[in-house]
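Student: got a predicted structure plus its sequence, pasted below:
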Amino acid sequence: MELGLSGKVAVFTGPGKGMGPAVTEAFAREGCRLVLAGRDLQALEAVADSARSLGAETIVVPCDVTVASDTQRLAEEALTAFGTIDVLVNMAGGTGPVGKTAWETTQEEFDQIVQLNMTGCFNSMRAMLPGMIERRYGKIVNVGGTFGMRGRAGRMAYSASKWGLRGITKSTAIEAGPYNVNVNCVAPGMVDGPRFRTKVMPGYAKAKGITEDEAIAAHAAEYALRRISTAADVANACLFLSSDVSRQITGIDMPVDGGWAML
């Protein structure tokens, strides 16, 4: 299937870590021109080098998405470099407190993750949308999480922030729809990778008194497809929702979790 993304300008927030490099490189392979934004410039430059090696024109812009003036400057630099913004993929985010109940979570912890996961997406969308609306074209993909579709003990603050992002996505989809702008949310479940293997699973295994291999198998057993998602799975969902192949899809939550959130 031809996605028709070649030559499109795609802006990414938070592409330097986690699943970010895999998602970014997938767009590079499709022939997109890329704008990479985040706080860790060393990580961003590494992803940019990889994208360029795949033939993608790529620029890096320092940006803290929780600061509205930073996201406004991001939009301006993207337009200066490429003349337009076709796609925005919001990946910048955090995990918040892990293993804390609602009553153990501090206000500072709660405010911090809501600021990053909700306000950060709001700021970048607010900066990019005027140009998309003027051109009557745009694709926005917010990367949420399945804990924002089903509650999870010990992850209240994170769950709340991702649940809120769904509301931001759906309301903006309604508002931007008349201008031919699609706004959707990709909700990854547990994604295999360095963090999953070196942080999440060792902690889970220790808490349960089992081996790490048993911990991975236990997680996989929760999913209908009996396997853990990969960063490539998430990248493919982002590509689909950023293309005109999905022209009639807006305001949705797309779980990429092997069948957990919707069961």
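Tutor: Alright, I've got the coordinates.

Student: from the middle of its chain, how far away would stretch 157-176 be?
Tutor: Here stretch 157-176 is found 13 Å from its chain centre; the criterion is CA atoms, centre = their mean, to the nearest Å.

Student: for the longest helix seen in the chain, packing partners?
Tutor: Identified as the longest helix of the chain according to DSSP state H is helix 156-176. Counting contacts by 3 or more CB pairs under 8 Å, 6 or more residues apart in numbering; DSSP states H and E, helix 156-176 packs against helix 107-114, helix 120-135, strand 138-143, strand 181-188. Where C-beta positions appear, they are placed from N, C-alpha and C, glycine not excepted.

Student: winner for burial among the ones you listed?
Tutor: strand 138-143 (a mean of 27; mean count of other CB atoms under 10 Å).

Student: partners of that strand in the sheet?
Tutor: strand 87-90 (parallel), strand 181-188 (parallel) (DSSP bridges).

Student: now these in a markdown table, with mean pLDDT and distance to Met254?
Tutor: Formatted as a markdown table, these follow (pLDDT from 0 to 100; distance: least, CB to CB, whole Å):
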| stretch | mean pLDDT | distance to Met254 |
| --- | --- | --- |
| strand 87-90 | 98 | 13 |
| strand 181-188 | 97 | 5 |
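
Student: helix, strand or coil for Ser96?
Tutor: I think there's a mix-up here, since residue 96 is Gly and not Ser. Assigned with DSSP: H, G, I helix; E, B strand; the rest coil, Gly96 falls in the coil class.

Student: separation between it and Val65?
Tutor: Distance of Gly96 to Val65, computed by CB to CB, to the nearest Å: 16 Å.

Student: equivalent analysis for Thr101, please.
Tutor: Taking CB to CB, one finds Thr101 at 28 Å from Val65.

Student: higher neighbour count, those two?
Tutor: Val65 (27 against 10; other CB atoms under 10 Å).
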